[in-house]
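Novice: What follows is a predicted protein model with its sequence.
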Amino acid sequence: MADIVKQILTRPIQLAEQVSKAAEGANSFKQDCLELKSKTDKLAVLLRQAARASSYERPMRRIIEDTEQVLDKALALVIKCRANGLMKRVFTIIPAAAFRKTSLQLENSIGDVSWLLRVSASADDRDDEYLGLPPIAANEPILCLIWEQIAILHTGSLEDRSDAAVSLVSLARDNDRYGKLIIEEGGVPPLLKLAKEGKMEGQESAAKALGLLGRDPESVEHIVNAGVCSVFAKILKEGRMKVQAVVAWAVSELAAHHPKCQDHFAQNNIIRLLVSHLAFETVQEHSKYAIASKQTMSIHSVVMASNNPNPILIPTVTREMKMRSPPTSLIQLETKTRARCKMWLLTPWQ
């Protein structure tokens, strides 16, 4: 990643140095050229900082591409001001508006690169103040909002990453196009990472976002190729029950929009794990009416059984079941989502 960043930033840094040097040797419009030099030098400092930082690649490429174009125009302008000889100066026409326009573009580039550095900062270096939108966001503010949330997923703390996932859930739910942008701008890998290693709230939000992003076969294919199957399989095998419920829903959403992904789910044992959860619910329901075994009952259970005229109604609930048993409302949610999964899993697709 560091090598890619340096490679992208090499030419803009060189252009900034050339603009600064050319502005010093200007023979006409000296004051205007010195103003451009001052802003170019400030931009060069920010570009060198970006070269040393670990920047989020998608916005960096877009911002640096625009910055490079601005520096190319600035260099062409100051080179015209270096014309020697009376005849060259006479026939070199430079509109006064050209300097104002170039100066404004350099200011915008400074704002864009400054935003890039702030949004790419690590959790320890980032302050709590609102980052705002960079000048590049004038035409598409939602894109920069998505960039900011994905950048936080890359470099933020677990709490910040969880909040960023919630924001992406809101965006993906509101508009299909926003979901497409999240995928195109590289939002899937950090969401998978959060689902794999985050806290429970973060895992829930990440799984929910992934389920919402799979609105069409192309998007589902992208999510599957990014490694969602192995992440979801691990959660279904050993994750918290509440997270498993969201994952079951996400699996049903992905399969509903691209049935052929069932093969990938089967290869990663997701179908088997979902069926085992359904079986566990059935066993848990039947266990309410099982005859208690005195060998496995506690002293308190034995006393209660001896005082109970109808011992057949005493439930046999193992320690594992107690640990995994969620509240009643959550069981109902899981039953509904898993039943939906079961329907598509058992329905053949063409």
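Specialist: That came in fine, so what should we check first?

Novice: In space, what's closest to A207 - neighbours in sequence excluded?
Specialist: V246 (4.4 Å; C-beta to C-beta, 6 or more residues apart in numbering). Backbone N, C-alpha and C define where each C-beta goes, glycine included.

Novice: give me every residue that touches the one you found.
Specialist: Q203, E204, A207, K208, G211 (C-beta atoms under 8 Å, 6 or more residues apart in numbering).

Novice: And for I150?
Specialist: With C-beta under 8 Å, 6+ apart, I150 has these contacts: Y56, R58, A164, L168, I182, E185, G186, G187, P190.

Novice: pLDDT score for W344?
Specialist: In this model, W344 is scored at 50, pLDDT.

Novice: what's the answer for M87, then?
Specialist: Reading off the confidence values, M87 has pLDDT 41.

Novice: next one: D112
Specialist: Reported pLDDT for D112: 94.

Novice: So which residues of the stretch 51-200 of the chain form helices?
Specialist: Here the stretch 51-200 of the chain has its helices, by DSSP state H, counting those that start in this stretch, at 57-80, 86-91, 96-119, 141-155, 158-174, 176-184, 188-197, 200-213.

Novice: Packing partners of the first one?
Specialist: In this case it means helix 57-80. Packing partners of helix 57-80 (3 or more C-beta pairs under 8 Å, 6 or more residues apart in numbering; DSSP states H and E): helix 2-24, helix 30-52, helix 96-119, helix 141-155.

Novice: who wins for proximity to I223 among those helices?
Specialist: Shortest distance between I223 and the helices and strands packed on helix 57-80, using C-beta to C-beta, is found for helix 141-155: 14.8 Å.

Novice: Flag every buried residue along the host helix or strand of I223.
Specialist: Taking DSSP states H and E as the definition, one finds I223 inside helix 217-225. Neighbour-count burial for helix 217-225, counted by 16 or more other C-beta atoms under 10 Å, picks out S219, V220, E221, H222, I223, V224.

Novice: Do you know the pLDDT at the closest residue to the third one other than its chain neighbours?
Specialist: If I follow you right, that is E221. Excluding the flanking residues, the one nearest E221 by C-beta to C-beta, 6+ apart is H258, at 6.5 Å. We have a pLDDT of 90 for H258.

Novice: is it true that H258 touches H222?
Specialist: No. H258 is not in contact with H222 according to C-beta atoms under 8 Å; the separation is 10.2 Å.

Novice: Now that we have the helices and strands packed on helix 57-80, can you turn them into CSV and tack on distance to E68?
Specialist: Output for the helices and strands packed on helix 57-80, formatted as CSV (distance: least, C-beta to C-beta, whole Å):
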stretch, distance to E68
helix 2-24, 5
helix 30-52, 10
helix 96-119, 9
helix 141-155, 19
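
Novice: Please identify the deepest-packed of those helices.
Specialist: helix 141-155 (a mean of 22; mean count of other C-beta atoms under 10 Å).

Novice: Alpha carbons only: can I get it in CSV?
Specialist: The C-alpha coordinates for helix 141-155 follow below in CSV (Å, rounded to 0.1, in the frame of the first residue of the first chain):
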residue,chain,number,x,y,z
PRO,A,141,-21.4,15.2,-1.4
ILE,A,142,-22.7,11.7,-0.8
LEU,A,143,-19.6,10.2,-2.3
CYS,A,144,-17.4,12.0,0.2
LEU,A,145,-19.6,10.9,3.0
ILE,A,146,-19.2,7.3,1.9
TRP,A,147,-15.4,7.9,1.6
GLU,A,148,-15.3,9.2,5.2
GLN,A,149,-17.2,6.2,6.7
ILE,A,150,-15.1,3.7,4.8
ALA,A,151,-11.9,5.5,5.9
ILE,A,152,-13.1,5.2,9.5
LEU,A,153,-13.7,1.5,8.9
HIS,A,154,-10.0,1.2,7.9
THR,A,155,-8.4,3.3,10.6
